[in-house]
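Chemist: Sequence first, predicted coordinates after that:
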Amino acid sequence: MKHAIDIAEQVPGTYWHAAAILKLEADAIIGAPLEELRFEIGGGAITRRVDADVGPLRSGPASLHVPLHWQAAEHPTLFPVMDAVLRVSDRDGNQVAVELLGEYRSPFGAVGALADAVAGRRVAEKALHGFLADVAHRLETRLVEHTRRAGVEP
């Protein structure tokens, strides 16, 4: 069963600056958080290594799109498969929207759909929110570092 995902974060900065940094540092900003997805629960965390494909960056006039696909590295048939696009776009000249749009497929057909309805969807959404927050944080950090190196206070 497929489930739509549409989540967003905002980062202070300008789109053109964020796009330039992403073109240079996509592996560190997008690829690194995909090495292992994390879901925090209580005082601990559950992690899952994933095999991820990060597609080529496609630029538009005020947005950048990065196709993403991933599945669990170990026992992939037991976990959801994700197909999405990471979209980075101008929000208002001073904010950059970082969005994850796509869908994930639950394993095990009808049985998987039931498990997903009970708890799986919440787990998947928390892991995806964590991934997107990590990408947004990494992008914001690079924006601040680059701005300071240029002699401008962010």
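Modeler: In hand now; what should we look at?

Chemist: what's the burial count for Glu145?
Modeler: Using other CB atoms under 10 Å, Glu145 has 12 other residues around it. In short, each C-beta sits where N, CA and C put it, glycine included.

Chemist: That should have said Val144, apologies.
Modeler: Around Val144 there are 15 residues (other CB under 10 Å).

Chemist: From Arg148, how far off is the residue nearest to the spatial centre of the chain?
Modeler: Geometric centre of the chain, nearest residue: Leu132, 3.7 Å, by CA atoms, centre = their mean. Shown here: Leu132 relative to Arg148, a distance of 25 Å by CB to CB, to the nearest Å.

Chemist: can you give me the strands for this structure?
Modeler: Assigned by DSSP state E, the strands in the chain fall at 2-12, 36-41, 44-54, 58-59, 63-72, 81-90, 95-105.

Chemist: CA-only coordinates of the third one, as PDB, when you get a sec.
Modeler: Going back to what we said before, that points to strand 44-54. In PDB, the C-alpha atoms belonging to strand 44-54 read as follows (Å, rounded to 0.1, in the frame of the first residue of the first chain):
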ATOM      1  CA  GLY A  44      16.700   6.000  22.800                       C
ATOM      2  CA  ALA A  45      16.500   5.600  19.100                       C
ATOM      3  CA  ILE A  46      15.900   3.000  16.500                       C
ATOM      4  CA  THR A  47      18.100   3.200  13.400                       C
ATOM      5  CA  ARG A  48      18.000   1.500  10.000                       C
ATOM      6  CA  ARG A  49      20.800   1.500   7.400                       C
ATOM      7  CA  VAL A  50      19.300   2.200   4.000                       C
ATOM      8  CA  ASP A  51      20.500   1.800   0.400                       C
ATOM      9  CA  ALA A  52      19.700   5.100  -1.200                       C
ATOM     10  CA  ASP A  53      19.800   6.500  -4.700                       C
ATOM     11  CA  VAL A  54      20.100  10.300  -4.900                       C
END
